[in-house]
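In: here is my input; please provide its structure:
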Amino acid sequence: MAELEAEIWVLGHDRTLDDVDRKVFDVVVEMDMPILASEKRRDELTVALDPPRIGRMGEISLPVLVVVGEHDLPDVRAAAAHLARTLSHHEAVVIPGAAHLAKLEQPEAFNRVLTGFLEAVSV
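Out: Purely as a prediction, here's the structure:
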C-alpha cells in the first residue's frame, strides 16, 4: 500500500519510476509505513461540515498560497484551480518537475516560492 501511495504522490500523472529521484520515492514509502500501520478507517476520519467546506471557500480572507506540481494528479490540479478561482487573496504556483510532494522533489523551487510568498504577506 505504501508503494502504491508513493506512486500516486511521487510519480503523479504521466511519469514512471525512471523519471523521478528513487531516493524521494523510497523516503515516501518509508514515511508512509508507520502511518498505514496505525491508520484508522478513512471513513472514521471524515468530518462532515455544515455547510460543506466547498461552499465556504469565499469566507477565507487571509492570503493563501496554492501550490501544485507539474505532474500532480489531474483532480488535484483541478482542485487547485478551483481554489485559485474561489479565493480572493491567493497566489497559485505550479512547481515544474514535481508531482504532489513538490517540497521533497524540488525543495529549492518550493522554498523559493514559499519564501517569496511569506515575504510578500508579512507585516
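
In: what segments of the chain are strands?
Out: 64-69, 90-95 (DSSP state E).

In: and the nearest residue to residue 21 once chain neighbours are set aside, how far is that from residue 75?
Out: With sequence-adjacent residues excluded and distances taken as CB to CB, 6 or more residues apart in numbering, residue 21 is closest to residue 105, at 6.8 Å. C-beta coordinates here come from the backbone N, C-alpha and C atoms, glycine included. To residue 75, residue 105 is 19 Å away according to CB to CB, to the nearest Å.

In: tell me which of those two has more neighbours.
Out: Just comparing residue 105 and residue 75: by other CB atoms under 10 Å the higher neighbour count belongs to residue 105, 24 against 9.

In: what packs against the lengthiest helix in the chain?
Out: Counting by DSSP state H, the longest helix found in the chain is helix 22-38. When contacts are defined as 3 or more CB pairs under 8 Å, 6 or more residues apart in numbering; DSSP states H and E, helix 22-38 packs onto helix 2-6, helix 102-105.

In: please compute how far it lies from its chain's middle.
Out: 16 Å (CA atoms, centre = their mean, to the nearest Å).

In: who's in contact with it?
Out: Outside helix 22-38, the residues within contact range by CB atoms under 8 Å, 6 or more residues apart in numbering are 1-3, 5-6, 9-11, 17, 101, 104-105.
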